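> Build the 3D model from these lines:
(chains A and B)
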Protein chains: 2
Amino acid sequence: MNQDQRRADLHQFLNPRAVAVIGASEDTTKFGGRVLEYLLKFGFPGTVIPINVRAKTLRGLTAYPSVKAAAQPIDVAIMAVPGEHALDAVRECAEAGAKGCILITAGFAEMGEEGARRQAAIVAVAREHGMRLLGPNCLGYVNPLASTAMSSTLSLSEITELPRGAVGLVSQSGALMGSMIAVGEDMGVGFSVCVSVGNQSDLDLADFVEYLADDANTHVICIYMEGLLSPARFLAAADRARANGKPVLMAKSGRTESGARAVQSHTASMAGSHAALQAACDAHGIVLMEDTIDMLSAAHCLTRFGRLEAEGLALFSGSGGGAALLVDALSEHDLRIADLSTATKEQLTDFLPPTHRHVPIDTGAMYQRVGQQEYRDAIRKVFRIGMADPGVGAGLVLLTTQPDMDDVARATVEAGAACGKPLLFVNTGGKAGEKARHVTKQAKYPSFDHPISAVRVLETLVRERALRTRPGPAALQPLALDAVLAELPRGLLNENETKRLLAAAGIRVTRERLARDAGDAARVAEEIGFPVVLKAQARALSHKSDAGGVVLGLASADDVRTAFDAIARRVREHAGLELEGCLVQEMVKADVEVIVGSRWDPQFGAMVLVGIGGTMVELLKDVRLTTAPIDAPAAAELLRSLKLAPLFAGYRGKPPVDIDALAATIALISQFAANLGAQLLEFDANPLLVAGDRAIVADARAVLAERS
Amino acid sequence: MNQDQRRADLHQFLNPRAVAVIGASEDTTKFGGRVLEYLLKFGFPGTVIPINVRAKTLRGLTAYPSVKAAAQPIDVAIMAVPGEHALDAVRECAEAGAKGCILITAGFAEMGEEGARRQAAIVAVAREHGMRLLGPNCLGYVNPLASTAMSSTLSLSEITELPRGAVGLVSQSGALMGSMIAVGEDMGVGFSVCVSVGNQSDLDLADFVEYLADDANTHVICIYMEGLLSPARFLAAADRARANGKPVLMAKSGRTESGARAVQSHTASMAGSHAALQAACDAHGIVLMEDTIDMLSAAHCLTRFGRLEAEGLALFSGSGGGAALLVDALSEHDLRIADLSTATKEQLTDFLPPTHRHVPIDTGAMYQRVGQQEYRDAIRKVFRIGMADPGVGAGLVLLTTQPDMDDVARATVEAGAACGKPLLFVNTGGKAGEKARHVTKQAKYPSFDHPISAVRVLETLVRERALRTRPGPAALQPLALDAVLAELPRGLLNENETKRLLAAAGIRVTRERLARDAGDAARVAEEIGFPVVLKAQARALSHKSDAGGVVLGLASADDVRTAFDAIARRVREHAGLELEGCLVQEMVKADVEVIVGSRWDPQFGAMVLVGIGGTMVELLKDVRLTTAPIDAPAAAELLRSLKLAPLFAGYRGKPPVDIDALAATIALISQFAANLGAQLLEFDANPLLVAGDRAIVADARAVLAERS
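Numbers count the residues shown, from 1 in each chain, chains lettered A, B, ... in the order given. Sure thing, here's the model as predicted:
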């Protein structure tokens, strides 16, 4: 199915003119009662067809015993028919010509094999009739802009109007979709579409993200995700959203091992490798979140104020203590307080003493300077002046308990509207802050009861900016690897084989040759030039060093001969193996040792891992993962983000290394991995030796997939 | 003043029978209007004496033009008299026999030298008359149990009853005290005392913590702190609270560099070294917090349920997705989900399928098993069964939008009361959760709108448990260092001098002797045994290695002689220095290198720092700081908490080292630092070489304070 067709299908699915509610009733404690109630309460503009085996009318509408009996065109049918009867019900809808069907019922693929089988049967019927299917194990969807609630979610029970707005929401959990609608409505967030995809038996998360990426009414996309069925389409959809200027935020569960276990028993999703997902999201500009409420708050700010243009943050507080705590929290979240420009400081002259013309802006000091009379006016001006500073990307007003609290709230709402930058309001006034709360509530203004919640949202906005402004994935550069590849075995490649493949890609490796005996080794060493390294070669020998199979710094032909024999003896004694020979290798001096690896991820393809070499690397986990390929600037950014990055600048007397030259090599390795694709299951260059502008692979191994 | 006297003073100060309000009025937009209003509104049981130069009566009370004119006994006077008039006003109160005085006005020490001078004059007058002083730059105090509000905080403006309870609150910020009272009242927290200490010109933070530690009405102590004036008294007070079974929570600003700057201009406090404070708090069981609202929430749980007895956490959720996100968040906060016991799982048989008898407990799956009829009853039973598990220390119920939300809330409140363990409620139901919100609000039950807020509180409770159950500071063991100390110079000690001091403490150092010439060096080496190390000695030579002043692995007398001369030449050429000689040192094989340092902190005394040695240590900041002295078990815990701790277990083929033996050496070094106290400004043993059960200081330096 092509993209236009998918879009048209989904548009019809989300904007039906005639809907059938299977199991409709007047009892709102029941699924079919709530769906019917919501369709009517929120003013669904099309035809509602209640299906109920007994009732003749329901809420004034003619009810029918079956879809067939209704004998009317149906765009979308919604049902919560129990597992064993679901197949018949779905088939009936499909045969009646329904274009889409929402299956709420749980107990399918997420409950094991039997459920998975029943689910597959239902999907087969739907596909046979060209009917799209949402669910099972979902809560349907809500399209506020079309006054359409095809959902039984209890979150709609206490509200009178669907919250309309520009946030498009796709959730793999029905309960969390419900909670997000409820919390969002409460905080003043409006939605273009909210959809719960459940088990994604037919329509999946990627389908809806793709749809929302092109939907003119949607400005920000929010996702709750447990596991992806079509990662490639999903990332393509995210790219499309990015191209259309829409931030994509995604809360993901299963980030940790225990979280992944919890996910598995929920929507039959495999969480996949979170590190790989994180890398893919970074590459495609998707902001990964830990929590759905933070996600909604950030979406609120993004739809209301747009994206951050500068990284610096402004703080306004009447409480010095509160401001100090916030400054600490911002620092601890790696957020940066804005340095006000000289021009801004000048504009603050009338309002603040010279010592106080900086962020955090102390409105208490302002109060003391301008007096109670001028305070209301001054606070408006100070908010506007501070937020207008070009270095300020977003701001935060902290309210503790202070004079004229509602007026501080009003001034914030006005300044937020005027500056066009996110200006968050934090209200820690308890009952004394109630009037201020009323002000922000009325204005549907982003207001927080907890300072740390606001800090987390600022962190998200700054992160969105950082991901947006960093380079995207690089284009694949074809490398001529086929000839060498044809000569190599499958499975684990030894050092020399791996290096041949690397060399074919233009990646610099140590000069070396395999020598069969001691005499041969000495001759090779003469050719390469001293000093050299000898390394034992034997296919079954996995840890050369442990078996005494590596000798460094051999300075003469005699040394080489002696070392060859010693290695052969040790490998025989310790590993019980006969040498195939020794690799004679140039000895390269390094100022920094780097490890670069790649893995084939079944979801996200070739992934490249970069870290500083040495025995402690594994313990420190100071490594970065990225999707492949990347270009040199992106590789350099990766290197600079390592905790041990100061080593590149020359540490403790060592000379600095050329980080750009190193980055170019890493970019080339990422192209190497991307070119080989699924053929290259694993690869490690360890170490990649770096000195000055030279980066040379000194040891490497790879695992090739068997020929299919 | 002794402790009993201080306690009696503070008791009177916080429980006055007669109070004077200087500047009283009927205008509640003014300081004196609010104080008067609050005294009356909250039913102050004693005598209120309004002082106003013009009014004859105020709110039905006789007003006087001055304290003197009132001619009545005064326990405590409260005033917000502007800076230049404050001295006279304070003197008048003191001369009228007031026992205490609260000075609200800002603009003293926190505003520079002039303010500091005026503050000192006021304190002098108060001390002269034996009158205690709170402030200036404070917001007074509130004693709910005595129906006494000696404060102008706006947080009391919208409430009708002072929130009585068991949380004692001391805040260095008036605005934050106000905010904490307001937010606390709103969340159902009750207070025994709330006091704002401002500039701490007389009564300080330690005074009140000491008071609350012994106050029978206070069960949990909460502190907002910017800078300590009397660290020793403060820590002693915390120890007293600990001995009395009271948790001490403390939000501290100035944790980061930018936060410390913000603090300095607020209450004239120097933030001090945060790392040292953190170490001191760890040692004395004080839970450091980042935020005041989290602190109140944790205090709420602690007063309501008591402390955590087990580390494991239970989760109950109707939403699988919400539970999965929570499981991730708990993992990411290093919190542990409880493993339910077999007995608990058996009790859950009727309610959950076998696959679901684990945490997170899925009440959705329960609903499907027991049906709507039994649900209400079942949820109560399941909450109780889960919480009763001995491995469960605390629990969390997550409400998204689900059936019978208010009943889930009621069941939580009941189960929380029954189990006597913290059971937190998270309500993400928006308007649909309003009824449930009403249930928890009525019950003053800990309920959160944001799951992460609840996770942060659980983290605090777990941390409180960990600090409580870990060993406290060790007792000082006197070491005989004076004889060696008398022979040493002051200032920077060289390696050999430092080692003599260490040896006097019984700390093992490398065998070594200073040799004046090459022949001498060879003789010493013969005595010590080969191989040896030579190290250049010259007082002005700070980086021996960089100047080529260290040669390792000398295996013969000849080698030693040659090396001695080469070192002398290099030191002359590179550093322009003449050798005093070379230290000839036994060469010790190490499996792990450790660094141990100590610093004299002006606030918290001797601090000991421990980390893994090697060039990367500085970059990785994988070090731990502690107050000295500590005992061996505490040192072992410190070592095990290092990221690189796996190195001790034998890493990559190296043999394991005896962590307890190493810990004993570190404990001894901490005794060494504590014995020398302020005499030892700095000390580093780098490296401390560890092999098997031997730990030997191979190099060291120290800085001794000048003799005073």
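> mind giving me the domain split of chain A?
A:3-301, A:308-469, A:511-586, A:592-704 (automatic domain parsing).
> Which helix or strand lies directly C-terminal to the helix or strand where A:Ala260 lies?
According to DSSP states H and E, A:Ala260 maps onto helix A:257-267. Under the assignment DSSP H and E, the closest C-terminal helix or strand after helix A:257-267 is helix A:274-284.
> That next one packs against which elements?
With contacts defined as 3 or more Cβ pairs under 8 Å, 6 or more residues apart in numbering or on different chains; DSSP states H and E, the packing partners of helix A:274-284 are helix A:231-243, strand A:248-252, strand A:286-289, strand A:623-627. Yep, even glycine has a C-beta here, placed from its N, CA and C like the rest.
> tilt between the strand or helix carrying A:Val610 and helix A:274-284?
Per DSSP H and E: A:Val610 is located in strand A:605-612. With axes from the mean of the first three to the mean of the last three Cα atoms, to 10 degrees defining the directions, strand A:605-612 sits at 100 degrees from helix A:274-284.
> Can you check what angle separates strand A:605-612 from strand A:623-627?
160 degrees.
> circling back to that earlier point, output the helices and strands packed on helix A:274-284 in a markdown table, with mean neighbour count and mean pLDDT appended to each entry.
Below are these laid out as a markdown table (neighbours: other Cβ atoms under 10 Å in any protein chain shown; pLDDT from 0 to 100):
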| stretch | mean neighbour count | mean pLDDT |
| --- | --- | --- |
| helix A:231-243 | 20 | 95 |
| strand A:248-252 | 25 | 97 |
| strand A:286-289 | 24 | 97 |
| strand A:623-627 | 21 | 92 |
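> How far does the helix holding A:Ala260 sit from its chain's centre?
Taking Cα atoms, centre = their mean, to the nearest Å, one finds helix A:257-267 lying 18 Å from the centre of the chain it belongs to.
> Just want the angle from that helix to strand A:248-252.
Going by the same axes, to 10 degrees, helix A:257-267 is angled at 100 degrees with respect to strand A:248-252.
> for helix A:257-267, packing partners?
Packing partners of helix A:257-267 (3+ Cβ pairs under 8 Å, 6+ apart): helix B:320-332.
> Buried residues, the helix it packs on. List them.
For helix B:320-332, the neighbour count (16 or more other Cβ atoms under 10 Å in any protein chain shown) marks B:Gly320, B:Gly321, B:Gly322, B:Ala323, B:Ala324, B:Leu325, B:Leu326, B:Val327, B:Asp328, B:Ala329, B:Leu330, B:Ser331 as buried.
> quick one: the nearest residue to A:Val189 once chain neighbours are set aside and A:His450, what's the gap?
By the measure of Cβ to Cβ, 6 or more residues apart in numbering or on different chains, the closest residue to A:Val189 outside its immediate chain neighbours is A:His300, 4.7 Å from it. Distance, A:His300 to A:His450, using Cβ to Cβ, to the nearest Å: 15 Å.
> can you tell me the helix or strand for the residue in the stretch 451-600 of chain A positioned nearest to chain B?
Among the residues of the stretch 451-600 of chain A, A:Ile452 lies closest to chain B, at 5.4 Å counting by Cβ to the nearest Cβ. Using DSSP H and E, A:Ile452 sits within helix A:451-469.
> mean confidence for the helix or strand that contains A:Gly597?
Taking DSSP H and E as the definition, one finds A:Gly597 inside strand A:592-601. Across strand A:592-601, pLDDT averages out at 93.
> And stretch A:436-444, by the same measure?
For stretch A:436-444, the mean pLDDT works out to 96.
> got it, and stretch A:693-706?
94.
> Show me what counts as buried in that stretch.
By neighbour count on 16+ other Cβ under 10 Å, the buried set for stretch A:693-706 is A:Arg694, A:Ala695, A:Ile696, A:Val697, A:Ala698, A:Asp699, A:Ala700, A:Arg701, A:Ala702, A:Val703, A:Leu704.
> Ends of that stretch, what's the gap?
This stretch, stretch A:693-706, spans 37 Å end to end (Cα to Cα, to the nearest Å).
> Near chain B, which residues of the stretch 1-150 of chain A are found?
Proximity of the stretch 1-150 of chain A to chain B, by Cβ under 8 Å from any Cβ of the partner chain, involves residues A:Thr29, A:Ala106, A:Gly107.
> which of those tops the neighbour count?
Neighbour counts for the residues of the stretch 1-150 of chain A next to chain B, by other Cβ atoms under 10 Å in any protein chain shown, peak at A:Ala106, which reaches 24 neighbours.
> now that one, nearest residue through space, not along the chain?
Distance criterion Cβ to Cβ, 6+ apart; nearest residue to A:Ala106, sequence neighbours excluded, is A:Asn137 at 4.3 Å.
> restrict the buried residues of helix B:320-332 to those near chain A?
Intersecting those with the surroundings of chain A, defined as Cβ under 8 Å from any Cβ, gives B:Gly320, B:Gly321, B:Gly322, B:Ala323, B:Ala324, B:Leu325, B:Val327, B:Asp328, B:Ala329, B:Leu330, B:Ser331.
> Please tell me how far the first one sits from B:Arg164.
The gap separating B:Gly320 from B:Arg164 is 41 Å, by Cβ to Cβ.
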